[in-house]
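Participant: Coordinates for the following, if possible.
(one chain, ligands or ions: 3)
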Amino acid sequence: MPTYDWQDTIVAIATPPGHGSIGVVRISGDQAQSIGSTLFRGRRSLAKHPFRTLRGTFVDMAADETIDDGLAVYFPAPRSFTGEDVVELHAHGSPVVLRRIVACALREGARAARPGEFTLRAVRHGRLDLAQAEGIRDLIAAQTTYQARLAAQQARGALSTQLYAFKEQLLTTIVHLESAVEFVEEQLDTRSRTALVADLAELEAKLHGLAATYRTGRLVREGVSLAIIGRPNVGKSSLFNALLDTDRAIVTAIAGTTRDTLQETATIGDLPVRLIDTAGIRDTSDIVERMGVERSYTALADADVVLFVGDAAAGPHPDEKRVLDHLRQRQAICVVNKSDLVPAVDSFQKLLRQHHLDLPVVGVSAHTRAGLDQLKATIQQVAVGTTFDAGHDWLITEARHAAALTTAAAALRQARETLQAGHSEEVPLAGLHQALQALGDITGETNIEAIFDRVFATFCIGK
Ligand SMILES: Nc1nc2c(c(=O)[nH]1)N(C=O)[C@@H](CNc1ccc(C(=O)N[C@@H](CCC(=O)O)C(=O)O)cc1)CN2
Ligand SMILES: Nc1nc2c(ncn2[C@@H]2O[C@H](COP(=O)(O)OP(=O)(O)OP(=O)(O)O)[C@@H](O)[C@H]2O)c(=O)[nH]1
Ligand SMILES: [Mg+2]
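Facilitator: Ligands and ions are numbered 1, 2, ... in the order given. Predicted coordinates for the structure are as follows:
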């Protein structure tokens with residue numbers, strides 16, 4: 001566990017690695033201004049012009065050489081992102097230049113920042129809570145607009161505000177019970193016990209409800225894997241390309257074209273999706289094709305959602321039976337491709353009924369793109385259910401939060417049951433304090449270094 005050396009002045013490149021039009025080096029801590037002023041030479045001094053974008057040059061004192069020319073900004077504490085003195089140096093986006101500026105700052109007494117350390121300091125100085133910090137991290141990592149929106153709301157405190165309301169409610173109950181413990185004449189009568197029990201049951205249901213959104217929230221965060229399975233030549237690779245909007249996979253009229261699985265990521269609706277194209281499933285003596293077919297079965301087994309593709313022109317085929325046997329108890333969709341040639345949704349519905357499978361069937365054409373929108377909507381529905389955008393105020397996207405909410409709800413239940421059973425107030429109080437602590441863990445109020453270490457290890461350096 002690293003001990004936090006809060007006195008150090010830290011430095012890091014804040015922009016992504018690689019060549020760009022500009023690049024930013026950020027310095028935070030007591031010495032930020034003096035180190036920044038040593039490095040940056042302009043007509044106007046940083047110290048005397050806070051919050052101003054100043055023009056000047058970056059110099060390497062030891063080599064007595066100008067490194068680059070650029071801009072610098074000084075944010076005096078506590079009016080900065082970290083709540084400490086911060087200096088930003090905006091140079092050209094050359095990794096060589098940026099690394100050299102960092103090296104100069106290190107020589108002047110700064111220390112290289114660890115992952116997430118700027119944000120950690122913002123939390124430490126009360127500029128953000130832990131859940132907001134995680135929101136910033138998730139915003140940076142977001143792959144879909146929906147993920148970004150959710151993460152930005154969390155960064156602005158949307159989750160923290162809800163938790164705050166829960167904690168207030170818990171505290172009111174705690175105060176009520178504590179005073180019954182303190183003053184014997186304020187013993188709880190049966191009526192107020194009943195009212196408290198009802199309040200706790202309501203709060204417990206809310207916590208459970210919020211924790212339960214993680215099922216969907218996890219998918220929003222991690223995405224779903226989607227395997228495209230079917231007989232050779234039904235148009236799996238064509239469908240893969242159509243869903244990706246590229247010519248990623250090779251398509252030919254020859255059955256057995258795809259030999260190995262291919263993976264690409266895409267966004268379907270609001271979901272990040274990992275699409276997997278597979279080799280057509282059939283008996284074959286070709287050793288390469290046979291290995292491909294084995295991989296198709298593995299992809300079929302591992303996928304969150306299976307697209308079972310049939311050929312409308314060819315109609316249902318006896319060989320399809322072996323694939324259908326793998327679709328029981330699975331999240332799957334029957335896709336009838338080549339529907340531009342002949343409509344065949346009915347005959348595939350019949351095939352499924354014969355095998356006692358109840359799957360949605362969607363007719364599409366990878367060629368004309370007809371039915372693709374309906375297919376995408378069906379994928380989203382099968383993956384996350386109908387609840388996706390139906391009335392969630394909020395989605396929990398973080399396992400840590402879901403676990404803490406579940407712990408809190410369990411502690412509340414214990415408190416409620418002991419209160420109801422007529423135990424003395426100390427017993428339910430212990431549960432209530434436990435619940436309060438679990439909710440506090442989410443926003444980092446409890447300041448447990450172990451939690452901080454785990455969370456901030458998932459940040460990038462310079463953030
Ligand atoms: N150049 C730059 N852009 C950035 C950041 C940054 O650090 N630098 N951010 C970092 O992730 C985000 C913005 N976050 C920030 C939050 C607070 C303050 C800040 O200095 N707040 C002062 C107000 C300063 C003023 O308005 O005069 C304060 O609230 O007191 C700056 C950036 C996104 N864009
Ligand atoms: N008319 C029509 N033809 C299609 C459609 N989709 C694919 N095809 C044709 O079907 C043939 C096979 O397409 P692929 O996408 O390679 O089929 P596949 O299922 O990946 O085949 P394997 O990789 O061999 O398993 C090609 O000639 C495609 O042009 C469609 O929607 N309509
Ligand atoms: Mg193929």
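Participant: For the chain, what lies in contact range of ligand 1?
Facilitator: Phe51, Phe75, Arg79, Ser80, Phe81, Glu88 (CB under 6 Å from any ligand atom). To be clear about C-beta, it is placed using only N, CA and C from the backbone, and glycine gets the same treatment.
Participant: Which single residue in the stretch 251-400 of the chain comes nearest to ligand 2?
Facilitator: Distances between the stretch 251-400 of the chain and ligand 2 by CB to the nearest ligand atom are smallest at Gly280, namely 2.6 Å.
Participant: what are the ranges of the strands in the stretch 351-463 of the chain?
Facilitator: 361-363 (DSSP state E, counting those that start in this stretch).
Participant: Please enumerate the helices of it.
Facilitator: Using DSSP state H, counting those that start in this stretch, the helices assigned to the stretch 351-463 of the chain run over residues 372-384, 399-420, 426-443, 449-456.
Participant: quick one: contacts of the first one?
Facilitator: Put plainly, it is helix 372-384. 216, 219-220, 224, 226, 242-243, 268-271, 273, 304-305, 307, 331-333, 335, 360, 362, 364, 388 (CB atoms under 8 Å, 6 or more residues apart in numbering).
Participant: Quick check: mean pLDDT of that helix?
Facilitator: Mean per-residue pLDDT for helix 372-384: 93.
Participant: Could you do the longest one as well?
Facilitator: Averaged over helix 399-420, pLDDT sits at 96.
Participant: what angle do that helix and helix 449-456 make?
Facilitator: Angle of helix 399-420 versus helix 449-456, following axes from the mean of the first three to the mean of the last three CA atoms, to 10 degrees, is 140 degrees.
Participant: that older thread, so which of the contacts of helix 372-384 are in strands?
Facilitator: By the criterion of DSSP state E, membership of these in strands covers Val224, Leu226, Ile268, Leu271, Val273, Val305, Leu307, Ala332, Ile333, Val335, Val362.
Participant: So the third one sits against Leu243, correct?
Facilitator: The one in question is Ile268. Yes. Ile268 lies in contact with Leu243 (CB atoms under 8 Å); the separation is 7.2 Å.
Participant: The two: who's more crowded?
Facilitator: Using other CB atoms under 10 Å as the criterion, Ile268 and Leu243 rank with Leu243 on top: 25 against 21.
Participant: quick one, what contacts the more buried one?
Facilitator: Leu243 touches Ala266, Ile268, Leu275, Leu372, Leu375, Lys376, counting by CB under 8 Å, 6+ apart.
Participant: Quote the end-to-end distance of stretch 441-452.
Facilitator: Start and end residues of stretch 441-452 are separated by 10 Å (CA to CA, to the nearest Å).
Participant: Ok, stretch 268-287 next?
Facilitator: Its start and end residues considered, stretch 268-287 measures 35 Å (CA to CA).
Participant: Please spell out which residues along it are buried.
Facilitator: Buried residues in stretch 268-287, counted by 16 or more other CB atoms under 10 Å: 268-282, 284.
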